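> Turn this into a structure:
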Amino acid sequence: MSTTAGTGARRRGAWSRLRVRVRAAVRRVVWRWRSSMQLRVVTSALVVGVVVVAALGAFLSDSMRDGLFERRLAEIDQESAQSTAQARRTLDASPASSVSEAQSLLYDLYSMLLYSGSASREVFLWRAEDETSGALLDLSSNDQLDGLVSPEMREQTLAADGGQKRQSVAIPLDPSDPGSPVVPGVVVGSTVEVPIGGTYELYYLYDLEADQETLSFLQSVLLVGALVLLALLVGITALVTRQAVVPVRQAARVAERLADGHLDERLPVKGHDEMASLARTFNEMAHSLQEQIERMEELSMLQRRFVSDVSHELRTPLTTIRMASEVLHSSRDDFDPVSRRSTELLQAQLDRFEDLLADLLEISRFDAGAAVLDAERRDVRDVVNAAVDHAAPLAERKGVWLSVHLGDEPLTADVDPRRVERIVRNLVVNAVEHAEEKPVEITVEGDGHAIAVVVRDHGVGMTPDEVQHVFDRFWRADPARARTTGGTGLGLAISLEDAHLHGGWLEAWGRPARGASFRLTLPRRAGIRLQSSPLPLVSEVTGDRGLGSGWSAHAAVVEDVDGTVGPADLPSVTGGIPVVIPASVPGADDRARTPHAGADEASGAAGHDSTVREGGR
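Predicted coordinates:
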């Protein structure tokens, strides 16, 4: 039983492998056919040619067969009629008056009929079945073929009253062998009157093997001609198609080279036909594109150099203005209220001007491809803490709670701490500014391949169209909205470039009145290609429907479902900025500050594995 089962399993396995190989071969053939225009054209021409040649060959073959058969039947009818008429004349002129004389007459007549006609003709001279006289003998040139004359044929011959009847038969090559091959033949029958013997049946059996061989030869010649015609058709089609396909392939290859940046590639121009005209036009287009691209690159380089030079050149007068502003700002208490306010505004705008210059210089480095990643092995939780520390005073002024969830395990990765801190700081500051006194949540999580930081607010939010532009330079969702924190409009654009420099993602989601969510995903090691993120972009779920999320690694913009169901409402908390930090984070206690109102309530709700602190955070 086990042997039988093992044999069956092996057979099934072999059959399964065979099916897989056949499917793979079919897929390769289909792919090859679909990827080659020349092969498709040649195949189509071959299929059409085969159909046309087959139809024409069938028509010609049938016409030749019918023509040969009809011609041979006419010859047989004429020869049989002449032989029968001669036999009747001989019998009518015979003076035979006895049985012996009549029998001798039959022998002479039989010999004359047998040797006067076609060499392949057999002769049968039989007494009619209704004749009672049995004195004369029946004569047959081949007794083994007597059965080819059917009873129906004999009845029709006797009923014809002297006329001829014809019937097609199959003549065996070896009558003694029942399974012998057969050749076509024709039996022609008529009646004659024999003196003393009465009515006799006269049959001629004609062998059509020679005519069949002639037809077979003609069909063979026709088949060879059809194959030669198809071969010529395929060859001509392949040659003509090649003349059209080769220039197209060259154009595709040159276009690929142009797309790869090899702007000097050109098509060879041969002759003065349409293909040569196409090549000249293509080369003119490539030349024009090369000039435009080189001009745009030159303009872009000049623009980047201008921005960089202007930024550097502005630093010298800005330093002088800064020194004078600091002198005025330090003495502002001695000024009247209007002058003191002007001094404070001057100091704030100088700070923003310096930030704008720094951001412009950073953008110019990205545009020039000169940005360098100073990666080191760091715990991303420490970097996030530093960014939150920077944003905490702003959150406290706006009455926004910062809830930070860092996890219990170290989240180390090869990152540039300065750039990652800048990303998180920009995200947190933007979230605080648009939170409308609602909580802002910062969550950090990691897996074996990546680390994610999600910054979620529940403020004004964004429309799907605004999400598409949130990382554009100098873009504002509301042009009339003032940047109360002194932003330059380049923060998110720089953050996106920083994320790409790490090989990571920066994604956004938002809905009006439901807040916004930003997710930064970084690989743990340089060279790792991200496939997923450890954290969902939007995690809240309400009722039976959740907020869908997705990601786009390049555009860093994420959409969700129709948005008919909003996230679960969070408790409204004001008056402090709670920060949830695991007790295991190094330095957590050292950064603790004195909590004030609201922080104790939050710490009680934080759970046993977290500490909630407020103050400068």
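> now for whichever strand or helix holds residue 382, which elements pack on it?
Residue 382 belongs to helix 380-398 when elements are defined using DSSP states H and E. Judged by 3 or more CB pairs under 8 Å, 6 or more residues apart in numbering; DSSP states H and E, the packing partners of helix 380-398 are strand 402-405, strand 412-415, helix 417-433, strand 440-446, strand 450-457, strand 579-582. Just so you know, the C-beta spots here come from the backbone N, C-alpha and C atoms, and that holds for glycine as well.
> between these, which one is nearest to residue 174?
Smallest distance to residue 174 across the helices and strands packed on helix 380-398 (CB to CB): 86.7 Å, for strand 450-457.
> ranking the helices and strands packed on helix 380-398 by burial, who's on top?
Among the helices and strands packed on helix 380-398, ranked by average contacts under mean count of other CB atoms under 10 Å, first place goes to strand 450-457 (a mean of 26).
> and the helix or strand that that one is followed by, how far out from the chain's middle?
Next along the chain after strand 450-457, taking DSSP H and E as the criterion, comes helix 464-469. How far helix 464-469 lies from its chain's middle: 31 Å, per CA atoms, centre = their mean, to the nearest Å.
> try stretch 441-461
Its chain's C-alpha centre and that of stretch 441-461 lie 36 Å apart, by CA atoms, centre = their mean.
> With stretch 36-51 instead?
With CA atoms, centre = their mean, you get 23 Å for stretch 36-51.
> Which positions in that stretch come out as buried?
Across stretch 36-51, burial judged by 16 or more other CB atoms under 10 Å covers 38, 41-42, 45-46, 49.
> quick one: contacts of that stretch?
By CB atoms under 8 Å, 6 or more residues apart in numbering, the residues outside stretch 36-51 that reach it are 32-34, 229-230, 233-234, 237-238, 241-242, 245, 248.
> again, but for stretch 365-379
Contact with stretch 365-379 is made by 300, 304, 308, 362, 410-419, 494, 497, 501-502, 526, as judged by CB under 8 Å, 6+ apart.
> For this protein, which segments are assigned as helices?
For the chain, helices defined by DSSP state H occupy the ranges 2-35, 37-92, 99-116, 151-159, 209-259, 274-330, 337-368, 380-398, 417-433, 464-469, 491-501, 599-605.
> how about these in TSV, adding mean pLDDT?
Shown next, in TSV, are the helices of the chain (pLDDT from 0 to 100):
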stretch	mean pLDDT
helix 2-35	81
helix 37-92	89
helix 99-116	86
helix 151-159	87
helix 209-259	87
helix 274-330	80
helix 337-368	78
helix 380-398	92
helix 417-433	92
helix 464-469	87
helix 491-501	88
helix 599-605	32
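> could you dump these to JSON lines with distance to residue 444?
Formatted as JSON lines, these follow (distance: least, CB to CB, whole Å):
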{"stretch": "helix 2-35", "distance to residue 444": "46"}
{"stretch": "helix 37-92", "distance to residue 444": "54"}
{"stretch": "helix 99-116", "distance to residue 444": "115"}
{"stretch": "helix 151-159", "distance to residue 444": "103"}
{"stretch": "helix 209-259", "distance to residue 444": "40"}
{"stretch": "helix 274-330", "distance to residue 444": "34"}
{"stretch": "helix 337-368", "distance to residue 444": "25"}
{"stretch": "helix 380-398", "distance to residue 444": "6"}
{"stretch": "helix 417-433", "distance to residue 444": "9"}
{"stretch": "helix 464-469", "distance to residue 444": "23"}
{"stretch": "helix 491-501", "distance to residue 444": "15"}
{"stretch": "helix 599-605", "distance to residue 444": "19"}
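> between the ones you listed, which gets nearest to residue 176?
Of all these, helix 209-259 sits nearest to residue 176, with 18.1 Å by CB to CB.
> The closest one versus helix 274-330: what angle between them?
30 degrees (axes from the mean of the first three to the mean of the last three CA atoms, to 10 degrees).
> and the gap between residue 65 and residue 295?
77 Å (CB to CB, to the nearest Å).
> now residue 305
15 Å.
> now swap in residue 439 and tell me
Using CB to CB, residue 439 is found at 52 Å from residue 295.
> Residue 220 and residue 213, how far apart?
10 Å.
> how many other residues sit next to the residue nearest to residue 268 when sequence neighbours are not counted?
What sits nearest to residue 268 in space, not counting adjacent residues and going by CB to CB, 6 or more residues apart in numbering, is residue 279, at 6.8 Å. Per other CB atoms under 10 Å, the neighbour tally for residue 279 reads 21.
> Does residue 279 touch residue 267 like I think?
Yes - between residue 279 and residue 267 there is a contact under CB atoms under 8 Å: 4.1 Å.
> Mutual contacts of these two, please.
247, 251.
> among the contacts of stretch 36-51, which ones are buried?
230, 233, 237-238, 241, 245.
> Can I get those in CSV including distance to residue 519?
Output for the buried ones among the contacts of stretch 36-51, formatted as CSV (distance: CB to CB, whole Å):
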residue, distance to residue 519
230, 63
233, 62
237, 57
238, 56
241, 53
245, 49
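> No further queries at this time; thank you.
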